[in-house]
Structure formats: C-alpha cells, structure tokens
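Asks: Model the following, please.
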Amino acid sequence: MADLLYRSVYEPPYEMDASDILVTERLRAGGQGVVDRGRYKGTRDVAVKSVLSTSSDSSLEDEITVLTKCTSPFILPLLGYVRDPSMMVLPFMDGGNLREYLDGVREERLPEMYATVEIAYAIASALAHLHAKSLLHRDLKSDNILLSRRRFVQVADLGSARDHAQDTTMTQAVGTLLWIAPEVFNGGRYAFSADVFSFGVILTELDTRQKPYFDAPLRGFQLTDAIRAGDLVPSLRATCPAWYRSLAQACLHLDPSARPAATEIQTTLALHLPRTCSSLALAPCTA
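Replies: All right, here's what the predicted structure looks like:
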C-alpha cells in the first residue's frame, strides 16, 4: 500500500540540468558537502545536496543509489540529480528537523503539531522499509528526521547507508555519538539492531523533548565511555506510558539480539496511533 502511494505521488528520479536550479539559501555545510535551498525551474522549492570536492563524488553517488531503491513515503525521496557538477535534488521540508521541533515545543516557541506516536510510527515505517531492502541507515538521529508544515515526516540523510548483505567492512563506528549503539562503539559489526538502538534513543527524545543524556552527570570522554560500556542509556519521563517505556527499553537493550525488529516496532506503534486526532499525512502533494 505504502509503495503504491509513493509511486502515485513521486515520479522516478531523473537527470536534471544545473541551469534549471536557482540556489537561494545555504542550509547546512559539513566537512564533505553542503545542502542549499533552491528553486527548480522557478516553480518548486527543493533542497540541493552537493559535494565540496571531486573526491567526495562517490559518496554522493552511493546515496543516489540507495535512494533509488527506496519507495517509502516516510523516506525523503530523490527527485533528480545533476552529473556536472555533482548534485542531488530533494524536496525542501519547510518544518525543519525533529530536534529543532522538539526544542521549539519544549520552549513553547512552536505549537505541538504531532502526537509522539505519530512521529515514532513514521520513523519506524521508514526503518522497516530500509531493512526490508537490506539497507542500514547507520546515522539515524533526530537531526535527520525532517518535518513539513503540511504534517508529514520523512527520514533523510542516507549518505552513510549501506547494503547489509553486500558490505563486509562496516566495523568502523559510523554515526553520531549520542545515537550510536554500544556494540558499534566497541568495534562490532553494524547490523539492523544498531539502527534499532538509534531509534530507541529517538524514542527517549520524543518522550522528554530533550537531547539524549541531557540529565547525565557525565560529559565528554566520561559520557562516551559510559555509553560504550552500556552503563548508561537515555532517560524517559517518570510519567512515560508503560507500553512506551517497555518499547524504548527493548530498543535500547545492551544485547543486540534482544532488540525488536523494525517491523515489530512498527506493529506495536500502529496499535497506539491516536484515533481522536487527524492522521499523519503519508506524503506531500505533487504541487
């Protein structure tokens, strides 16, 4: 059903002409690339991801390859690409990222637009789709969950994603410190269960609206060592619903084999989706 919905909304990605893209604003800059806001053919707001050097072209090509395999409405789609200079063109998400949204709601700068379970379900659905395609995200975090003011949620930034079945060199600790599973820290192979741990961290963020480990007494290397040893996991509110606490704790289990599969998480969350509020939009309109 979700696959059919995706195909009814999005055209397959195609090669674009750089002259049709007008860059209007720098959104983010990193060590290897940048993300800009732009207009495509003067009619559509887009995000344009490009690399800073030709040596990084292969990483962009890898992300393009991964995105062409994804047909979930909960994953930010590839609209098109430019060969020279190398660029990816993606929809522009005008609601910012999940971390920004949670900070805004906590500080009462933004209205609460989503039920916690709605966001969690969207992320779990994206993760289940990736894992069904034998793909690992490897950098799942609240900064990489994008929101739209039209009330839909999509997982983004698949630049670190890899094929679980084919890639045998994934022992390096890929990801962002506060979301990395302990076994990845310790040199273990990155598996689907490591993505699930990262999802568990996001569950704690959704519950507390705080950054992971916000209340931990440790900082710097001490915090890193505690996470690596499995001595510390992000906290939940005392008033967190029992079923939600149980799910988050299962995702954060120190034993990777004890963590639930993404499909199990998706099923659990579906049972708790609110019936009294309007459904989370599955995808944007094409306009």
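
Asks: what about the stretch 1-150 of the chain, any weak spots by pLDDT?
Replies: For the stretch 1-150 of the chain, the stretches with pLDDT under 70 are 1-9, 31, 53-57.

Asks: domain parsing for this protein?
Replies: The record's domain parsing of the chain by automatic domain parsing lists 2-91, 98-271.

Asks: How far off centre is the shortest one?
Replies: Spelled out, it's domain 2-91. Relative to its parent chain, domain 2-91 has a centroid offset of 16 Å by CA atoms, centre = their mean, to the nearest Å.

Asks: any chance you could map the strands in this protein?
Replies: Assigned by DSSP state E, the strands in the chain fall at 14-15, 21-29, 33-40, 44-51, 80-82, 87-91, 135-136, 145-148, 152-155, 162-163.

Asks: So which residue is smack in the middle of the chain?
Replies: Centroid-nearest residue in the chain, with CA atoms, centre = their mean: residue 155, separated by 3.6 Å.

Asks: quick one, what contacts the nearest residue to it once chain neighbours are set aside?
Replies: Closest residue in space to residue 155, ignoring its immediate chain neighbours: residue 126 at 3.9 Å, by CB to CB, 6 or more residues apart in numbering. Every residue, glycine included, has its C-beta placed from N, CA and C. In this structure, residue 126 makes contact with 72, 74-75, 154-155, judged by CB atoms under 8 Å, 6 or more residues apart in numbering.

Asks: same question, residue 157
Replies: So residue 157 contacts 139, 143-144 (CB under 8 Å, 6+ apart).

Asks: and if we set it to 10 Å?
Replies: The neighbours of residue 157, taking CB atoms under 10 Å, 6 or more residues apart in numbering as the test, are 28, 35, 49, 63, 76, 90, 97, 137, 139-141, 143-146.

Asks: and which of the contacts of residue 126 is nearest residue 222?
Replies: Closest approach between those and residue 222, by CB to CB: residue 155, at 31.0 Å.

Asks: what about that closest one, distance to residue 237?
Replies: 24 Å (CB to CB, to the nearest Å).

Asks: Now residue 99: closest residue in space that isn't a chain neighbour?
Replies: The spatially closest residue to residue 99, leaving aside those adjacent along the chain, is residue 142, at 4.0 Å (CB to CB, 6+ apart).

Asks: so how many other residues sit close to that neighbour?
Replies: Close neighbours of residue 142, defined as other CB atoms under 10 Å, add up to 24.

Asks: Kindly report the same for the one 10 residues further on.
Replies: Residue 152: 20 surrounding residues under other CB under 10 Å.
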